[in-house]
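Colleague: quick check, what structure comes out for this input:
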Amino acid sequence: MNLIKEMCSIENSFVTLKVPIEEYNFDGIVTCNKSMMEQIALLERIANKDVNILINGETGTGKEVYAEYIHKISSRSRKRFVKLNCSTIPDTLFESEMFGYTNGAFTGASKFGKKGLFELADEGTIFLDEIGEMPLETQSKLLRVIQEKCFIKIGSEHEINVDVKIVSATNKNLKNLVKENKFREDLFYRLNVFPINLIPLRNRKEDIVLLSFFFLNLYNAKYGYSKKFGCKSLCNFIEYDWPGNVRELKNTIERAMLLSIDDIIVNANPEQSKNEFNDDEYKKIDVSLSNIKRITNDTLLSDKSLKDLVDDYEIGLINYYIEKKGSLRNAAKALRTSPATLSRKLSLHKQKSK
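Modeller: Numbering: from 1, shown residues only. Presented below is the predicted three-dimensional model:
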């Protein structure tokens, strides 16, 4: 609560952020944590140096955002930023993805051949995400590219020279993988020239507050809302451990905004939102059976437009199903749609009727 008082203005039913978010937005990295900001300052000093960078961090901490930031602030920013998620590529396709192949190099190969990611990233940056998942055979070929700055396409005998900055990332302990003979020690030291260790969200509570408002503004703009946080929602966010880090916080806030009927998000709870956002939000809705009957009888005699009549009927139908099925989720299932769709329709109707 002390952190909220320090960073926010508390009104009767909602809180607003006193901290100017734009001053703490570093091309997509949003932080006011002292250690994180020192880390960013350090990146700005070495972004143009010809060193490989290894980003270590838990799932959802923003490793790709950091890699993109390094590219943006470097002299390579006018060239390509190429990404490869090593956990999504089958072992048999790694070499062709990274280095490409010539026409007719193997059965099923394109007659035009293919450029690999290293060739596409020439003079730019290549981001190797989840580097710990790379097969040992491919690791040896990556090591050669780092040492000699050249590679050979599949089906070719000619070397291709490349000038690429390599940024790698992992959520695993590569030193342990080296001990287990699952990762080459020589490659580890080549990639780990400049390590960056990202701090989990649970260890930077001030960023939970800052990022909550950042995502609130993002989704208000995206969906045309003007929603605000209740103090209890922010307290819940600060007390939660966020095992999924920034990604989980982002998804939680979007879900809370879509499923909250009121403009004030009173009691968003990350634990509850894993299953369904607080059903108490929907108890405020008039879902009596007479509501749908009233719409089908009374409003047909009004001077409303066809669109307004259809909207009224749709809202009455949604409310009826919520009452009969016991929750928004069950109503959505019965109507073969999503809870977010129903919530959005109810929220828009409420704004329209004000």
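Colleague: the bottom helix or strand of the chain by mean pLDDT?
Modeller: In the chain, the helix or strand scored least confidently by mean pLDDT, DSSP states H and E is helix 289-297, which has a mean of 51.
Colleague: the most centrally placed residue in the chain: which element?
Modeller: Computing the C-alpha centroid of the chain and ranking residues by C-alpha atoms, centre = their mean puts residue 247 first, at 4.5 Å. Using DSSP states H and E, residue 247 sits in helix 245-259.
Colleague: coming back round to it: with just CA atoms, put whichever helix or strand comes after the least confident helix or strand of the chain into PDB.
Modeller: Remark: after helix 289-297, the chain's next helix or strand is helix 306-325, criterion DSSP H and E. C-alpha atoms of helix 306-325 as PDB (Å, rounded to 0.1, in the frame of the first residue of the first chain):
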ATOM      1  CA  LEU A 306     -33.000  -1.100 -36.500                       C
ATOM      2  CA  LYS A 307     -29.400  -1.200 -35.200                       C
ATOM      3  CA  ASP A 308     -30.500   0.000 -31.800                       C
ATOM      4  CA  LEU A 309     -33.300  -2.500 -31.600                       C
ATOM      5  CA  VAL A 310     -31.000  -5.300 -32.600                       C
ATOM      6  CA  ASP A 311     -28.400  -4.200 -30.000                       C
ATOM      7  CA  ASP A 312     -31.000  -4.100 -27.300                       C
ATOM      8  CA  TYR A 313     -32.300  -7.500 -28.200                       C
ATOM      9  CA  GLU A 314     -28.700  -8.900 -28.200                       C
ATOM     10  CA  ILE A 315     -27.900  -7.500 -24.800                       C
ATOM     11  CA  GLY A 316     -31.200  -8.900 -23.400                       C
ATOM     12  CA  LEU A 317     -30.300 -12.300 -24.900                       C
ATOM     13  CA  ILE A 318     -26.800 -12.200 -23.300                       C
ATOM     14  CA  ASN A 319     -28.200 -11.200 -19.900                       C
ATOM     15  CA  TYR A 320     -30.800 -14.000 -20.100                       C
ATOM     16  CA  TYR A 321     -28.200 -16.600 -20.900                       C
ATOM     17  CA  ILE A 322     -26.000 -15.400 -18.000                       C
ATOM     18  CA  GLU A 323     -28.900 -15.800 -15.600                       C
ATOM     19  CA  LYS A 324     -29.900 -19.200 -16.900                       C
ATOM     20  CA  LYS A 325     -26.400 -20.600 -17.100                       C
END
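Colleague: okay, and the beta partners of residue 85?
Modeller: For residue 85, the beta-bridge partners under DSSP bridges are residue 129.
Colleague: my read: it touches residue 127, true?
Modeller: No: look at residue 85 against residue 127 with C-beta atoms under 8 Å: they stay out of range, at 9.0 Å. Any C-beta I mention is one placed from the backbone N, CA and C, and that applies to glycine too.
Colleague: who has more neighbours, those two?
Modeller: residue 127 (26 against 14; other C-beta atoms under 10 Å).
Colleague: quick one, what contacts that one?
Modeller: The contact partners of residue 127, by C-beta atoms under 8 Å, 6 or more residues apart in numbering, come to 64, 67-68, 71, 81-84, 167-169.
Colleague: can you do 6 Å?
Modeller: If a contact means C-beta atoms under 6 Å, 6 or more residues apart in numbering, then residue 127 has 67, 83, 167 as its contacts.
Colleague: would you agree it falls within a strand?
Modeller: Yes: residue state for residue 127 (DSSP: H, G, I helix; E, B strand; the rest coil) corresponds to a strand.
Colleague: what's the pLDDT at it?
Modeller: pLDDT, residue 127: 97.
Colleague: excluding its backbone neighbours, what's nearest it?
Modeller: residue 67 (4.3 Å; C-beta to C-beta, 6 or more residues apart in numbering).
Colleague: for residue 189, helix, strand, or coil?
Modeller: Residue 189 is classified as helix under three-state DSSP.
Colleague: cheers, nothing more for now.
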